[in-house]
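Predicted model and sequence follow; I will ask about them next.
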Amino acid sequence: MAAQTREKLSTRHLLVVLTGIMITFGCSALCFSTWGLFQPVVSEALGIPTTSFALYVTIMYLTMTVASPFAGKLLQRVDVRIILSVSACCVSAAFLVMGLSTSIYLFYAAGVLLGLGEISILWLAIPVLVNNWFYERAGFFIGLCMAFTGIGGALWSVVFTALKSSGMDFHQIYLIWAAIALITALPFTLFCVRTRPEDCGLAPYGATVVDGKAAAKPQGLSAKTAMKSSAFYLVCLCAGIINIANLIAMQFPTYTKSLSGVAFDVLVVGGVMSTVMMVGQALFKIVLGAAVDKSVKGALVFAFASGVVGIFLCWLGVGTEFALYAGAFIFGAFYATAVVLVPALTRAVFGTREYPVIYSRISTVFNLIGAFASMIWAWVGSSYGFSAVFSVGLVMLVVVLVSGLAALAIGKKNLRALWTE
């Protein structure tokens, strides 16, 4: 009779998680959490408007949008060590170009390199790898990895401030960023990770193993079938609206600056709200990751409720800065949905058979919207005020909840029976 066991948590499984932590802590945090610090410094040094500098971020998101479907197919077919190592080199090269640039146009070229690198590093590789390696607790480990974008962002912000205060100009700091990106990534992407546990003679953690091999192969829909279903478009809608609603948090400093007749320093409170939100989203990524392992539906409802409470506290709590801090922290739970709940929702509806391809298509929508979301909120706030911003945000949260629940219902009722190996 064949020996049947369950795959235990091995060093190899943990090294995959460590790799995810290090690439988000380094490459992703340096990219997404510090560009706002460079904006006034670089703009002044090059004699350009801040909007011209921020355009490179839009170029980065548009590049990720275009590259996402191709990156998804590569993750399905090419050794992940090659993909992640090349991606880390792209991020490092982008910082190198910035460090050597005397023209804003080189920043736009760097934005393309960042987009090519980050689409795999942040958006695709971690969900794909964790789903490959973990049959159980995949949500928790995705959340743990993603939390380090916020943790890294907090650390690198302190480092930036210290280096700038010591007299370094932005060229030197970008060169240091280029070195950090490589040092925190390449040792792990080259030596600590494999695409699938089968490459190391293992099975996904928690999977049933018979005679040393996983008893079942990944199950789910083919990408072709998935993208013909209404559930696919509902998940795309849910993910896209999440990415718009998330960026309300980026307006907190502008929001507090617009307040009048309050008893606190609006500039200080706006900055603290942003910091508190970053701490909140880092913690809630782990909490939400554990929650989706129990119930994706429950995690979706929790994130929706957190977003609503956070918005109302920020909107109506202007009598005291502590209500604003609480609102920003709680809103961090909704902010965490982008990189934790969306991958889990995709897996729950479509399975893992062709997960990289399906999720990369959803990420295409996600990143396309992200390229313009900040400008949308800036326009709404400046044209109609922040009551309009928060009102529209609440409507978007309802759309997220309804579309997510509908996708889960369709997946359970109509699609699950179509899953194959």
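Looks like it came in fine. Numbers count the residues shown, from 1 in each chain.

C-alpha from now on. contacts and neighbour counts both.
Fine.

Please enumerate the strands of this structure.
Using DSSP state E, the strands found in the chain span residues 4-6, 208-210, 213-214.

average pLDDT for the last one?
The predicted model gives strand 213-214 an average pLDDT of 64.

can you check the first one too?
Averaging the model's pLDDT scores along strand 4-6 yields 82.

per the record, what domains does the protein have?
The chain resolves into domains spanning 4-214, 223-418 when parsed by automatic domain parsing.

related to what we said a few turns ago, so which of the strands of the chain comes closest to L144?
Nearest to L144 among those is strand 4-6 (23.1 Å), distances taken as Cα to Cα.

The closest one packs against which elements?
Packed against strand 4-6 by the contact rule (3 or more Cα pairs under 8 Å, 6 or more residues apart in numbering; DSSP states H and E) you find strand 208-210.

if you set the cut-off to 10 Å instead, what comes out?
strand 208-210, strand 213-214 (3 or more Cα pairs under 10 Å, 6 or more residues apart in numbering; DSSP states H and E).

Which positions in stretch 347-363 come out as buried?
Buried positions in stretch 347-363, judged by neighbour count with 16 or more other Cα atoms under 10 Å: 347-363.

so how far is that stretch off the chain centroid?
Using Cα atoms, centre = their mean, to the nearest Å, the distance from the centre of stretch 347-363 to the centre of the chain it belongs to is 16 Å.

In contact with the spatially most central residue of the chain, which residues?
Central residue of the chain (Cα atoms, centre = their mean): V339, 4.0 Å from the mean position. Applying Cα atoms under 10 Å, 6 or more residues apart in numbering, we find V339 in contact with 122-124, 126-127, 142-143, 145-147, 239, 243, 285, 289.

do G26 as well
Applying Cα under 10 Å, 6+ apart, the residues contacting G26 are 88, 148-149, 151-153, 156, 177-178, 180-185.

Nearest to L234 among those?
Proximity of these to L234 (Cα to Cα) peaks at T149, which lies at 27.2 Å.

Once you drop chain neighbours, what's closest to that closest one?
Nearest residue to T149, sequence neighbours excluded (Cα to Cα, 6 or more residues apart in numbering): A29, at 4.6 Å.

Neighbours of that neighbour, how many?
26 (other Cα atoms under 10 Å).

ok so, going back, least confident pick among the contacts of G26?
G153 (84).

pLDDT and distance to L259 added to the contacts of V339, as JSON lines?
Below are those laid out as JSON lines (pLDDT from 0 to 100; distance: Cα to Cα, whole Å):
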{"residue": "L122", "pLDDT": "88", "distance to L259": "35"}
{"residue": "W123", "pLDDT": "87", "distance to L259": "36"}
{"residue": "L124", "pLDDT": "91", "distance to L259": "39"}
{"residue": "I126", "pLDDT": "94", "distance to L259": "40"}
{"residue": "P127", "pLDDT": "93", "distance to L259": "40"}
{"residue": "I142", "pLDDT": "95", "distance to L259": "38"}
{"residue": "G143", "pLDDT": "94", "distance to L259": "35"}
{"residue": "C145", "pLDDT": "95", "distance to L259": "37"}
{"residue": "M146", "pLDDT": "94", "distance to L259": "33"}
{"residue": "A147", "pLDDT": "94", "distance to L259": "31"}
{"residue": "A239", "pLDDT": "94", "distance to L259": "31"}
{"residue": "N243", "pLDDT": "89", "distance to L259": "26"}
{"residue": "K285", "pLDDT": "94", "distance to L259": "30"}
{"residue": "G289", "pLDDT": "94", "distance to L259": "35"}
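
Arrange those in CSV, one row each, with neighbour count as further columns.
CSV is the format used below for the contacts of V339 (neighbours: other Cα atoms under 10 Å):
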residue, neighbour count
L122, 20
W123, 22
L124, 23
I126, 26
P127, 27
I142, 30
G143, 29
C145, 29
M146, 32
A147, 28
A239, 28
N243, 23
K285, 32
G289, 29
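
Of those residues, just say which sits nearest to M64.
So of those, ranked by how close each gets to M64 (Cα to Cα), first place is W123, at 9.2 Å.

need the contact list for that closest one.
Taking Cα under 10 Å, 6+ apart, one finds S28, M64, S68, M146, A338, V339, P343, Y359, S360, S363, F366, N367 in contact with W123.

Can you lay out those residues as CSV showing distance to N132?
Formatted as CSV, these follow (distance: Cα to Cα, whole Å):
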residue, distance to N132
S28, 21
M64, 23
S68, 19
M146, 17
A338, 20
V339, 17
P343, 13
Y359, 14
S360, 15
S363, 18
F366, 22
N367, 23
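
picking that back up, distance of the residue nearest to the centre of the chain relative to V380?
Separation of V339 from V380 (Cα to Cα, to the nearest Å): 25 Å.
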